[in-house]
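**Q** Just the structure for this:
(2 chains)
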Amino acid sequence: MDQPGAAPSHDRHARSSAGPHRRLLAVAAVLVTGLTLSGCQLPTFGAYRGSTSQGQDAFKLWQFFFITGIIVGGFVILLILWSVFRYRRRSDEMPKQTQYHTGVEILYTVIPIVIVLVLFAFTVITENKVDATPPADVTIRVTAFQWGWRFYYPATGKVVTGETTQAPQMVVPTGQSVQIMLGSADVIHGFYVPAFNFSRYAQPGVTASQQRFNFTVLHDGVYRGQCTQLCGLYHSLMFFSVKAVPPAQFQVWVHHLSKNQPSISQLKQEIQANGPGG
Amino acid sequence: MTDLVRPALAGVDLHAPEHEEHHGPTGLLKWFTSTDHKVIGMSYTITSVVMFYLAGIMALLIRTQLASPNSSLLSFSQFNALFTMHGSLMLYLFAGPFAFGGLANFIVPIQVGAPDMAFPRLNALSYWLYLTGSITMLLGFFTSSGAAEFGWVAYAPLSNAANSPGAGPDLWIVSLLLTGFSAIFTGVNLVGTIFYLRAPGMTMFRMPVFTWNMLVTGILILIAFPVLTAAVVMLFADRHFGTHIYETTGCHMVGHPNVPAACGVPVLYQHLFWFFGHPEVYILALPYFGIVTEIIPVFSRKPLFGYKGMVFATMAIAALSTGVWAHHMFTTGVVLLPFFSLLSLLIAVPTGIKFFNWIGTMWRGQLSLKTPMLFSLGFLFAFLMGGVTGVMLASPPIDFFTHDTYFVVAHFHQVLFGTAVFAGFAGFYYWFPKMWGRMLNDGLGKWHFWLTFIGFWLTFMPQYGVGLKGMPRRVASYPADLGWQIYNQLSTIGAFIIGLGFLLLLINLLISWRNPVPAGDNPWDGHTLEWFTSSPPPHHNFTHLPPIRSERPTWDYNHPEAPALHHGVPVVGNGNGHHPRDPGGNGSSGKEEKVPT
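**A** From the prediction side, this is the model:
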């Protein structure tokens, strides 16, 4: 694909044209190019494409911001480099003592405002999709604690608990919507699945009804997760994973109640006494 | 002493008897007892640079630990203490005090033509509180519990008595109280000095932009720091007096959707902390913007392009910065996302204006790339990169997956390294001749710059990558099978290259100490008043002042061949006479104004 190359050529056009109107038009053209591009198979720019439908929306927004960043940042870098190399001191001649140029000043105030408003508009659109919490097919209550996770499926009473070296696995049905209700038993933790392009704090003092989010995993697979918010000594070891399986398989799993799941306080005492995995 | 140097602060007698010839104590006693803003400024500079080196060594230890997966060089506890103290030292004890206690303390009174700060004794108190606070924080390492391990933000309830027991965390809190008051007093002093002690002719819109930025910084300090002080006092009360302000002990939330009565609210701490914390980011940035705004015009031999726009941009940043704190809390799920997102994005506008001011100043100038200018250019690149990723983070859906990962670590290091290190040491090289009367070696300075510049990109660019792959911040170890190692190794190599650069600075200081090269009054053909007086300046800064008829009084005085410009309008009389817009200003004509003895 050659669209990434196309954007800078608009940029060159912007700088070579003299009138402010043409430059505005060119910048608008660049923005539109960026927008159309974000729908295509562009590079990921380092991020995950998103394994959930919400994650894919966030990913598209990321691409849009990244391309805008390259264009705006690249333009400014070119200006700086040009100034440094073109205007290095070559003589003792006094340069013209320019202090103001109203036209240019208005231009470099108005254009960034327009760019920011466009970025904001797309932010709000994506945010409303990512943050929406309509009733879901499956609800899971997640409780974070020092230093592990408990996943509780209220519909059947299934519980999965695990800590540090025995990281728990959350099982979800592929293609169905899942609602997580997130809480913490002690300090603040962060529920983060990189491939989902999403994280959220698990906090004491915030009610679980306030702290919910939905996701729909698109493909079967195991996705690693980790605590992101510093939560004490073994913060680095607070892993978990999410396994997406076909809905029928999920139903079997969730109805099979496992016995002898340790309670959170038991696990906490063991870790405090014996360290990770103890 | 005439009204010329005498500040316009009616009723306050700064006309100390020892004014004309200073007979105060000398040597070590001078450093302990002085209320001279220059001595205090130098004490601040030295102390804060020592803190910078200490925090830098901690950073190298952190990076060494992370160079390999599952590393056991440091224990988890040691690692957590080290990044907590690295952040705390850099932010509370270096970046702020270096700017407003060190450079601004020394430079601002001279730039406005004043003999000292408005409240010299308060200024001394500021320094001694700061020094005491710094020692208090470092003492945490010597307690049985070790230094604080809850990160530089000390989120409740991790910072409560149950999760962070011991004296180390208490010393951290007390240190913040001491240095917080030190900052507040300096803020009062800066605002007072700039409003009341300007020399005749130094109208607000003739002030150097560094002074402007310090005025706005001073006001922001007065808005932000009391909130931090209050927040940590309440934290202390929760830890020791059984209050339940943030504390939730005994109010388990598991399975209970309703908050029990008489229960603390942990998220309140985050609100208070970031209501301080985000203005604090600009308290740490605006002085450094001011520094490069001084340096770029001087080394481009041009006036600042768009001076008034720059001043208004500074004010806009300050105003917006008080309404963006919750962008640190997008992932808490309890803040109004669109509001904080929009205000955060909008900060890009005044910041962008500043970039175009700096570029416009260089445009068609005559750039000489000496060390201060190189560091200023380094700042432009670093801050641009940090700014672009900052815009990304202002968008909640993107913040959701980058928050608390190395992406954020890379972002704020590029911003803060860009400001406090690149711009900060630009100012250090720029004003060192004025402070000490001797030059720093320019060749070594350039080596220092290039090593820092290369090390900077090598350290922080891989961190964006590994953050996007999912590496959380503040982890003491990471698994080997995730492909994170190569990013971390590059980052560690970069950090050691930066360390090498700062070793060169020490050598440079040593050379300057052993074989001083006299600086002269005005080694850079400077624009502002500090370059008019001697290096170092006399006890009350000036024996005489040039006419102040534009933003560049010293330059106007030294360049009679070029018309003096006051905001683009040539000044009538070209610095030799009386400007019509300057009623009762410098009064008589004449090349310079002598202070009668």
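**Q** Which residues does stretch B:474-491 contact?
**A** Applying Cβ atoms under 8 Å, 6 or more residues apart in numbering or on different chains, the contact partners of stretch B:474-491 are A:224, A:230, A:235-237, B:63, B:65-72, B:74-76, B:79-80, B:83, B:151, B:404, B:458-460, B:462-463, B:465-466, B:469-471. C-beta here means a position set from N, CA and C on the backbone, and glycine is covered the same way.
**Q** Make a ChimeraX selection of the buried ones in the residues you listed.
**A** Per 16 or more other Cβ atoms under 10 Å in any protein chain shown, the buried members of the contacts of stretch B:474-491 correspond to this ChimeraX selection:
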select /A:224,230,235,236,237 /B:63,65,66,67,68,74,76,79,80,83,151,404,458,459,460,462,463,465,466,469,470,471
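**Q** Would you map the helices across the stretch 1-150 of chain B?
**A** B:27-33, B:37-66, B:76-88, B:96, B:104-111, B:120-139 (DSSP state H, counting those that start in this stretch).
**Q** same for the helix or strand harbouring B:Pro462, what does it pack against?
**A** Assigned by DSSP states H and E, B:Pro462 belongs to helix B:442-468. Under the contact criterion of 3 or more Cβ pairs under 8 Å, 6 or more residues apart in numbering or on different chains; DSSP states H and E, helix B:442-468 touches helix B:371-393, helix B:406-416, helix B:424-436, helix B:485-514.
**Q** my guess is B:Thr314 contacts B:Pro287, does it?
**A** No: using Cβ atoms under 8 Å, B:Thr314 is not in contact with B:Pro287; the gap is 10.7 Å.
**Q** Just want the angle from the helix or strand hosting B:Leu343 to helix B:371-393.
**A** Assigned by DSSP H and E, B:Leu343 belongs to helix B:337-346. In terms of direction (axes from the mean of the first three to the mean of the last three Cα atoms, to 10 degrees), helix B:337-346 departs from helix B:371-393 by 160 degrees.
**Q** where does A:Thr139 land in three-state SS?
**A** For A:Thr139, the assignment made with DSSP: H, G, I helix; E, B strand; the rest coil gives strand.
**Q** What residue spans form the domains of the chain?
**A** Picked chain A for this. Structurally, chain A divides into domains by automatic domain parsing as follows: A:3-89+A:97-130, A:138-274.
**Q** nope, chain B please
**A** If you go by automatic domain parsing, chain B breaks into B:1-8+B:34-244, B:285-514, B:518-597.
**Q** residues contacting B:Gln414?
**A** B:382-383, B:385-386, B:389, B:456, B:460.
**Q** number of nearby residues for the closest residue to B:Phe299 other than its chain neighbours?
**A** Spatial nearest neighbour of B:Phe299, excluding adjacent residues (Cβ to Cβ, 6 or more residues apart in numbering or on different chains): B:Met373 at 3.9 Å. The number of residues packed near B:Met373 is 24, by other Cβ atoms under 10 Å in any protein chain shown.
**Q** ok, now which ones touch B:Arg438?
**A** Counting by Cβ under 8 Å, 6+ apart, B:Arg438 has contacts B:432, B:512, B:516-519.
**Q** can you do 6 Å?
**A** By Cβ atoms under 6 Å, 6 or more residues apart in numbering or on different chains, the contact set of B:Arg438 is B:512, B:516-517, B:519.
**Q** Need the helices and strands packed on helix B:442-468 in JSON lines (columns: mean pLDDT).
**A** Output for the helices and strands packed on helix B:442-468, formatted as JSON lines (pLDDT from 0 to 100):
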{"stretch": "helix B:371-393", "mean pLDDT": "96"}
{"stretch": "helix B:406-416", "mean pLDDT": "96"}
{"stretch": "helix B:424-436", "mean pLDDT": "96"}
{"stretch": "helix B:485-514", "mean pLDDT": "96"}
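**Q** would you turn these into TSV with distance to A:Pro112?
**A** As requested, the helices and strands packed on helix B:442-468 are exported to TSV (distance: least, Cβ to Cβ, whole Å):
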stretch	distance to A:Pro112
helix B:371-393	10
helix B:406-416	18
helix B:424-436	25
helix B:485-514	31
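**Q** just to revisit the earlier point, which one of the domains of chain B lies nearest to A:Phe75?
**A** Smallest distance to A:Phe75 across the domains of chain B (Cβ to Cβ): 10.4 Å, for domain B:285-514.
**Q** how about the helices in chain A?
**A** A:3-16, A:20-38, A:53-86, A:102-130, A:247-255, A:264-274 (DSSP state H).
**Q** what residue ranges in the stretch 1-150 of chain A score low on pLDDT?
**A** The model of the stretch 1-150 of chain A has pLDDT under 70 over residues A:1-41.
**Q** thinking again about what came up before, between B:Thr314 and B:Pro287, tell me which one has more neighbours.
**A** B:Pro287 (31 against 24).
**Q** hang on, isn't the more buried one packed against B:Leu215?
**A** No: here B:Pro287 lies out of contact with B:Leu215, judged by Cβ atoms under 6 Å, at a distance of 10.7 Å.
**Q** Can you pull the phi/psi pair for B:Leu304?
**A** Phi and psi for B:Leu304, reported as degrees, to the nearest 10, are phi -60, psi 130.
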